[in-house]
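Trainee: Sharing a sequence plus its predicted fold:
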Amino acid sequence: MFLVANFISALAICLDIVTSVLWWLVIIRALLSWVSPDPFNPIVQILNNVTEPLLAPFRKIVPAYNIGIDISPIFVLLILLFVKYFIVKSLLELATRLK
């Protein structure tokens, strides 16, 4: 049973790292939107390509033109917090109980 526990623990740690990286990428993208960076900059393009699939569904639900600002990063950050504090912690607790 320890193999399953180790697998679940490793999965939880990887998921934690991915959510942390995505957290910072969304924050950086939101901050960059205030200064209007060069869209042809390769770093900006990579940042847009990584975060846009996360932000686009929320932009359809709450368009920015209704309130004047784009609040889709807030929704993405809330979901990432949920993943980090509920799913990751639950997986780690499950792995601990299986050992």
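Mentor: Happy to help now that I have it. Just so it is clear, the structure is predicted and the values come from calculations on it, not from any experiment. Numbers count the residues shown, from 1 in each chain.

Trainee: What residues of stretch 48-60 count as buried?
Mentor: 48, 51, 54-55, 58 (16 or more other CB atoms under 10 Å). In short, each C-beta sits where N, CA and C put it, glycine included.

Trainee: Closest to Ile27 out of those residues?
Mentor: Thr51 (9.8 Å; CB to CB).

Trainee: Now do the contacts for the nearest residue to the closest one once chain neighbours are set aside.
Mentor: Spatial nearest neighbour of Thr51, excluding adjacent residues (CB to CB, 6 or more residues apart in numbering): Arg29 at 4.8 Å. Arg29 sits next to 47-48, 51, 55, 73 when contact means CB atoms under 8 Å, 6 or more residues apart in numbering.

Trainee: does Arg29 count as helix, strand or coil?
Mentor: helix (DSSP: H, G, I helix; E, B strand; the rest coil).

Trainee: Going by secondary structure, the residue positioned nearest the centre of the chain is in what exactly?
Mentor: Nearest residue to the geometric centre of the chain (CA atoms, centre = their mean): Leu22, 3.8 Å. In this structure, Leu22 sits in helix 2-35 according to DSSP states H and E.

Trainee: Distance from the very next helix or strand once past that helix to the middle of the chain?
Mentor: Where DSSP H and E defines the elements, the next helix or strand beyond helix 2-35 is helix 42-61. The chain centre lies 11 Å from the centre of helix 42-61; the measure is CA atoms, centre = their mean, to the nearest Å.

Trainee: tell me which strands and helices helix 42-61 is in contact with?
Mentor: helix 2-35, helix 72-82 (3 or more CB pairs under 8 Å, 6 or more residues apart in numbering; DSSP states H and E).

Trainee: any idea of the angle it forms with helix 72-82?
Mentor: For helix 42-61 against helix 72-82, the angle by axes from the mean of the first three to the mean of the last three CA atoms, to 10 degrees is 90 degrees.

Trainee: what about this structure, any weak spots by pLDDT?
Mentor: For the chain, applying pLDDT under 70 flags the ranges 64-66.
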